[in-house]
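Chemist: Return atomic coordinates for the entry below.
(3 chains)
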Amino acid sequence: MLLNQFLFLAAILFCIGVYGVLTRKNGVLVLMSIEVILNAVNINLVAFGAYNDDVSGQVFALFLIAVAAAEVGVGLAIILLMYRNRQSISVADADALHG
Amino acid sequence: MFSAEVATDISWILENAWIIPAIPAASFLLILFFGKKTPGGGHWIGITSVLAIFALSLWSAVAWIGYVDDSHGAEAEAEHAAVVEEFAVGDTLTLAAAEEPVEGEEHAVEATPGPILSERDWFSIAPFDTFKIGTLVDGQSVMLLFVVTFISSLVHIFSVDYVAGDRRYTHYFAFLSLFTSAMLFMVLSSNTLQLIVGWELVGVCSFALIGHWWEEKPNSDAALKAFLTNRVGDIGLLVGMTILFFAAGGTFDITTINTMAGAGEIGQGTLLVASLCLLGAVMSKSGQFILHTWLPDAMAGPTPVSALIHAATMVVAGIYLVGRLYSVFWVGLAIPGSNINALALIGGVTCVFGGMLAFVQNDIKKVLAYSTVSQLGYMALALGVGAWTAGMFHLFTHAFFKACLFLGAGSLSHACHHSFDMKAEMGGLRKIMPKTFITFVIGSLALAGIPPMAGFWSKDEILAGAGVWPGTGGNGTYYIPFIFGMITAALTAAYMSRVIWLVFFGQYRGHSQPHENGPLITVPLMILAFMATVVGFLNMPPAFATAIGLPESWGERFGHYVEPAGIASFPGDLGHANPSLSLAIVASLLAAGAGGVVWLYYQALYRKDSMATEVTGGLKDKHKVLAAGHTMLVNKYYLDDLYTETIAMGTKGPIAKAAYWFNQNVLDGVIDTVGKGTVGLGRFVYRYIDQGAIDGSVRGMGVGADDSGQMLRKVQSGKIRQYAMLMFGGAVVLVAVFIVAV
Amino acid sequence: MSELLDTWGITVMVFLPLVGALIMMLVPAADEEMHKVIALATTLATGVWGAIMLWPSNFDYDNTAQLQFVTDKRWIDIVNARYTVGIDGISLPLIALTLLVVPLVIIYSWNHIPSPGNAKAFLMLTLVLHTGMLGSFVAQDLVLFFVFFEVVLLPMYFMIGVWGGEQRMYAAIKFFLFTLFGSALMLVSFLALYWATGAETFNMVGLAERVDSENVKLATQVWIFGGMFLGFGIKVPMFPFHTWLPDAHTQAPTQGSVILAAVLLKLGTYGFVRIAIPILPKAAIEWAPVIGALAVIGIIYGALGCLAQTDMKRLIAFSSVAHMGYVMLGIATLTTFGINAAIFGMVAHGLITGMLFFIAGSIKERFHTLEIKRLGGLILQMPKMGWILGFTTMASLGLPGLAGFWGEFPAILAAYQPAAGLSTGLFRFYMVVAAIGTVLAAAYLLWLLQRTAFGTPSEEFADDPEIHDMVITEWIAWVPMLILIVLFGFMPGLIFDVTDGAVQAGLSAIGAG
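Modeler: Numbering: from 1, shown residues only, chains lettered A, B, ... in the order given. The predicted structure follows:
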């Protein structure tokens, strides 16, 4: 079984995603990076499912894809509103919650 | 009801006396809410109600007299009833027997019927008996009912003209009604709790009426001073009544407290403390030295109010209280067989002190106010030496002649530019205002105790009651109070002749056109003057009655009907002083002499300068020579002055001035200092302790929490990526910890 | 009918205001009239319902020691907390007071919604407060009591914090934290009591019995009482925990001040009478001298504080410290006389001080200031309100014949002979100090009256067209209170006869005398 390879791929994708979330100012790119992180999780779920000969891992992955789609929808809506209000989609500008 | 079995028929009014205070209370509300809309601004409501209760009071007085006679008759009958039983309760027969004058009964102290109590439940608190509210009708309360309603009626009528056009005419009558109601409520109290209620209510009416013209600050200051001084005394009232409540086994009932005190069921020490506490209340309410300072200031109110409240009725509440709880004071202060006690001493000092102060006043109302202080001292002295009846009788007579004098002063002021200044605005009014003049002189003679006016009889009884004069008996030998009393007798006559001279004789010194007042003002004066002349005879000695050709039973009627002698709630061992002809003559001569000397002095002054009101500088220079005694005979013109200078002026000048100075600076100073100091202390405590220490520590905690929050808020930058960084960093640390640990 | 009242009566009464608040939630905020109508109707309905319950044919006035309309249902099994409610002679006067005051406050609000407006939120908070206050007075279970006690806190916090004066945030937070601190200690005490009695029940009567039967050590009792003492004492407020009160009162809107003075402060004293003393009588005897001492210090101290004030509302607030001192002195005597007086004092203070705050609010609305120096001649400018102020100050200084007297004098009287086991000498000293306090009370109140009502108006206000006499909502809101002040003054039996039986029962453990 090539579990290690899958996990390795997932880890790399996860790190790329985290890197993107942390470094990108562009809100759309941050969202995309989050998608990457989620897909890393998906790969892990499917890989472990296959490894344990259990179908529930894939079922979880399907759910996750659906949730991710919804999340992107909400996220893009937020970014759209942000753009309308501030003419910018830079997450660095959105600091209204500072203490 | 002590004598319910004996007395066979109790008049309706004596059992339903509550209606007497209820009527003016209703009148108060009516005037308050509808007064402005009725013609006359509501005075008709007040006058109608007060006349109605005067009628009811007369009825109750008649009924009480009938009741006393009845029960004496019934007692006589009851003695027969031992033989013939059906006579004992046969009311028609008893009544018939009682209606005839019962003669030959005055041989000894006979038992008067006990008070008539009509009570209903008020509220209850375990484990004590249900507290009651009700009326206690006996001679003392009926006497005061009569006095209060009588004076109040005349004052109401007088006021219609006197305060006409006042800025708060309706309000004035409303408060007169409320005062009358509260005073009657207090007088009729059957228990001490109710008495406290009435006591304070009259105080608040006094407050409202002293400060009637409250736009001017001195008036409201005077009102505040009166109320606060009385509150100081009320500490004693509250504490004293509390002590009596527990000493009597948890009851406020006056009769029970008195009975238990008289029977020795309450320790003398307890009674002493209680009576000293109550004495504090008496001193403030009845203007006794050293709490009297509010009374002269209270003259800031309208004059009829001064007549009603600050001369005739409210200020005697303290005297009434002592008389009401007499067994307590009798035992507590150990009055019988002694020669000094706190009450007699305070009374004695007050009457002399007040009398001297009356000398140096130029404001006629202030003279009368100090005179009231002095006379109240007389009453306290009387009660202090054990002369209960004399004290109450003086209360009775004083109400008439002092109300007469005050209303007279009001009449003068009404005519003279609304001023009370005898020196600047009066003089020579004898011709211009004859009615006021005559009534005022009658009142003054009564006050000075010149026979046969009312004051003479009551003053004489008090002096006899001190038990010092040979052959008077009494309840002890009170030398010091007796001497004070004699001095006051002289002083009173002296300052009143000064007033009469300055106001009515000499030349008019004012700037207006004085005129005699209308009948609404002069008729009440005449009625009061008439009363001041005749009421003294109510308690003339029986011997005197026979001497002027009246039946002996006409003597001492006042004591007979008012004094609750021989019942359990009144001191049983109270002795009665014998009237002394020699004492009466000496005291009257003393008064007449003192008055005469002052008179001569002013006459001499007038002859020198018709506008003069006091010794001028030049006169004083010469006086030094005179005082050296060298030119006494050189200038006869000044001879008359010698007496006045040495006797009257010696008192008037240095002593009274010093006393007044003491009064104004030391006593008032102490009160002012205490007041200011208290405010200062309040400010200090508030600023440093409350806002500084206590509040500071509380705020400290808040500030601490706030500061730590300020530090932490820097972490919350609002930048998403920073949060994400922290989150992932945290996750990495956790993973590391996990790996290392596992 | 009576069966319905027995099972649902109290529950309906307590939660009716909450239902009203829920209905208001559905109405848009813009329709202010509608909100006022709903709020008034709700409180009136609650009042009428309460009146039906307390009507002599339904409430047994001969047996006020007995809890009536008792409802006892399962609630939180895991801690043995139950939904137990009932009314007896101790809570009845306070419930009646609450039922009366809240509708009056809402009537007053008709044209006095404080800035920044928003009648919907304001009235909803008032209704929530109503539920909380009624619930606290009927609860017979400590957990239930605690919940209602806390329910009261939050609406008041918002009322002060949103509709208050200039320093409202400071005052609101101070009020909130102070009271919360007290409640925390109180909760600790409740829990300690629960465990010390074997973790069986939170029922007040049950706890009292179990404290006895489980032989809880005296030292433990004293500590538990101490916790309650802080919790209730802060609410009262007793010296030296009173400093939140002047700020809260001064900053709160008129309605908030009235409710605070009329009802909220009573939660503290009620807690002593209802919870602390009956459950822990022995500890109460240990603590009584301390309570008495703080009470008389409060009397004198509050009065001195008043004398130093320059702001009318702050002066009235400080006078509460002094007045509640009398109430606490009455409680500290642990006698029937004293505690009856204390309950009377609570009602009287609620009516009188509530009235004073109403007046202060109306003056502030007209003059935009309450600085005593700047006021003067109120009676000339607004005769009716001026005289009502005079009347109320007289009532406040304990004039006999008005309600205030019956809270004051009987408390002083009771201190002469406190319960067995207390030092008579010490309490007699307290008595004299308290009696001196009556003079100071007269001094500051009359001083206030003289400076504001008497004299002539100052120039800045002399011709101010905004200054007018009473308006109709003020009449409707005030007249019932004024009438009651007089009525209770002349007929103290109206309250004493109700409370006496219950007070005796509460003190039975002390062997009251």
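Chemist: How about the helix ranked longest in chain C and chain B, touching?
Modeler: The residue-count maximum for a helix in chain C (DSSP state H) belongs to helix C:336-367. Yes: looking at helix C:336-367 against chain B by C-beta under 8 Å from any C-beta of the partner chain, the contacts come from C:336, C:337, C:340. No exception for glycine: its C-beta is placed from N, CA and C like everyone else's.
Chemist: And those, which is closest to chain A?
Modeler: Chain A lies nearest to residue C:340 out of these, by C-beta to the nearest C-beta, at 53.9 Å.
Chemist: separation between that closest one and residue B:127?
Modeler: Distance, residue C:340 to residue B:127, using C-beta to C-beta, to the nearest Å: 12 Å.
Chemist: Between these two, tell me which one has more neighbours.
Modeler: residue C:340 (33 against 11; other C-beta atoms under 10 Å in any protein chain shown).
Chemist: Let me know whether the more buried one touches residue C:498 as I believe.
Modeler: No: under the criterion of C-beta atoms under 8 Å, residue C:340 lies out of contact with residue C:498, with a separation of 9.6 Å.
Chemist: before we move on, back to that, mind giving me the packing neighbours of the longest helix of chain C?
Modeler: helix C:91-109, helix C:254-259, helix C:265-271, helix C:312-333, helix C:383-396, helix C:403-416, helix C:472-490, helix C:493-507 (3 or more C-beta pairs under 8 Å, 6 or more residues apart in numbering or on different chains; DSSP states H and E).
Chemist: Out of these, flag the one nearest residue C:289.
Modeler: helix C:312-333 (7.6 Å; C-beta to C-beta).
Chemist: Quick check: mean pLDDT of that closest one?
Modeler: Helix C:312-333 shows a mean pLDDT of 90.
Chemist: right, is that helix up against chain B?
Modeler: No: under the criterion of C-beta under 8 Å from any C-beta, chain B is not reached by helix C:312-333; the shortest gap measures 8.5 Å.
Chemist: now the longest strand along chain C: how far from the chain's centre is it?
Modeler: Looking across chain C with DSSP state E, the single longest strand is strand C:68-76. Centre-to-centre, strand C:68-76 and its host chain are 25 Å apart (C-alpha atoms, centre = their mean, to the nearest Å).
Chemist: Next, the buried residues of it.
Modeler: In terms of neighbour count (16 or more other C-beta atoms under 10 Å in any protein chain shown), strand C:68-76 has its buried residues at C:68, C:69, C:70, C:71, C:75.
Chemist: Out of these, which is nearest to residue C:99?
Modeler: residue C:69 (14.4 Å).
Chemist: What residues does that closest one make contact with?
Modeler: C:5, C:6, C:9, C:10, C:53, C:59, C:85, C:86, C:87 (C-beta atoms under 8 Å, 6 or more residues apart in numbering or on different chains).
Chemist: Show me the shaky parts of the chain.
Modeler: I'll assume chain A. A:1, A:98-99 (pLDDT under 70).
Chemist: Not quite, go with chain B.
Modeler: Those would be B:1-8, B:73-111, B:610-672, B:674-675, if you go by pLDDT under 70 across chain B.
Chemist: Where do the strands of it begin and end?
Modeler: According to DSSP E, chain B carries its strands in the segments B:116-123, B:131-137.
Chemist: Verify the stated contact: residue B:189 with residue B:195.
Modeler: Yes: using C-beta under 8 Å, residue B:189 is in contact with residue B:195, at 4.1 Å.
Chemist: Find residues that contact each of these two.
Modeler: residue B:254.
Chemist: Around the nearest residue to residue B:506 once chain neighbours are set aside, how many other residues sit close by?
Modeler: Among residues not flanking residue B:506 along the chain, residue B:427 sits closest, at 4.7 Å (C-beta to C-beta, 6 or more residues apart in numbering or on different chains). By the measure other C-beta under 10 Å, the count of residues near residue B:427 is 24.
Chemist: about what we covered before: check the buried residues of strand C:68-76 against chain B and report the nearest one.
Modeler: The closest of those to chain B turns out to be residue C:68 (C-beta to the nearest C-beta; 19.7 Å).
Chemist: Quick check: nearest residue in space to the closest one, chain neighbours excluded?
Modeler: residue C:87 (5.5 Å).
Chemist: Close to chain C: what parts of the stretch 51-200 of chain B are there?
Modeler: So far as C-beta under 8 Å from any C-beta goes, the stretch 51-200 of chain B lies against chain C at B:121-128, B:196-200.
Chemist: ok, which of those also contact chain A?
Modeler: Of these, not one also sits near chain A (C-beta under 8 Å from any C-beta).
Chemist: Keep only those of those residues that are in helices.
Modeler: B:196, B:197, B:198, B:199, B:200.
Chemist: so where does residue 20 fall, helix or strand?
Modeler: Picked chain A for this. Using DSSP states H and E, residue A:20 sits in helix A:3-23.
Chemist: that's the other chain; I wanted chain C
Modeler: Residue C:20 belongs to helix C:10-26, assigned by DSSP H and E.
Chemist: what angle sits between that helix and helix C:91-109?
Modeler: 20 degrees (axes from the mean of the first three to the mean of the last three C-alpha atoms, to 10 degrees).
Chemist: and helix C:10-26, how far out from the chain's middle?
Modeler: 22 Å.
Chemist: ditto for stretch B:214-234
Modeler: The answer for stretch B:214-234 is 16 Å, by C-alpha atoms, centre = their mean.
Chemist: quick one on the thing from earlier: include pLDDT when you put the residues of helix C:336-367 next to chain B into JSON lines, please.
Modeler: Putting the residues of helix C:336-367 next to chain B into JSON lines (pLDDT from 0 to 100) gives the following:
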{"residue": "C:336", "pLDDT": "89"}
{"residue": "C:337", "pLDDT": "89"}
{"residue": "C:340", "pLDDT": "92"}
